[in-house]
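I need the structure of the sequence given here:
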Amino acid sequence: MVVSLLTRRIPAFTAITLGTLITGVAWLFLVGHPTIPMVIAAMIVVALGEITQTPRYYEYISRLAPPGQQGTYMGFAFLPLGIGSLSGGWFGGKLMHHFGEVQNRPERIWWAVTAVGVATTVLLWIYDKTIRQTAVEPV
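The predicted structure is shown next:
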């Protein structure tokens with residue numbers, strides 16, 4: 001509730017982008033010190049990022065929908081989760097093979113996981129500054 005109160009004045013799309021960045025950068029805790037306390041710290045920061053992003057994501061999706069189609073749009077809001085479920089295991093396996101078996105440096109996986117989070121944030125920012133802005137402007 002505290003995070004929701006602190007982020008309620010931030011526009012929904014900005015909160016989504018900020019939450020994605022927080023979640024992505026949280027994995028850097030494990031780069032320097034891959035210990036149990038740092039795993040706990042990383043999980044806390046990941047949770048804060050998710051708490052910042054997730055409620056606002058569904059708010060944003062519901063506002064995109066035309067009247068009477070909110071349910072359809074909310075259903076499609078789960079599409080990225082499905083894509084992630086289908087590709088995440090394969091991608092994680094490739095990363096573990098590369099960093100664990102090929103390089104014998106499994107701790108380096110956290111750089112790749114952080115890079116995915118930061119790349120997602122950059123793509124959201126680009127979308128916000130180019131595509132979304134032009135879609136909102138009157139024709």
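
okay, and the helix or strand of this structure with the least pLDDT?
Counting by mean pLDDT, DSSP states H and E, the weakest-scoring helix or strand in the chain turns out to be helix 133-136, with a mean of 60.

The residue nearest to the spatial centre of the chain: which element?
The residue lying closest to the centre of the chain (Cα atoms, centre = their mean) is residue 20, at 3.5 Å. Secondary structure from DSSP states H and E places residue 20 in helix 12-25.

mind listing what's buried in that helix?
Across helix 12-25, burial judged by 16 or more other Cβ atoms under 10 Å covers 12-13, 15-25. Every C-beta, even on glycine, is put in place using the N, C-alpha and C of the backbone.

before we move on, back to that, ok, the residue nearest to the centre of the chain to residue 61 distance?
Remark: distance between residue 20 and residue 61 (Cβ to Cβ, to the nearest Å) = 15 Å.

Please apply the same query to residue 103.
39 Å.

Could you do residue 119 as well?
Remark: distance between residue 119 and residue 61 (Cβ to Cβ) = 22 Å.

More neighbours: those two, which one.
Of the pair residue 119 and residue 61, residue 61 is the one with more neighbours under other Cβ atoms under 10 Å, namely 18 against 11.

I'd like the average pLDDT over the helix or strand encompassing the more buried one.
According to DSSP H and E, residue 61 maps onto helix 36-64. The average pLDDT within helix 36-64 is 93.
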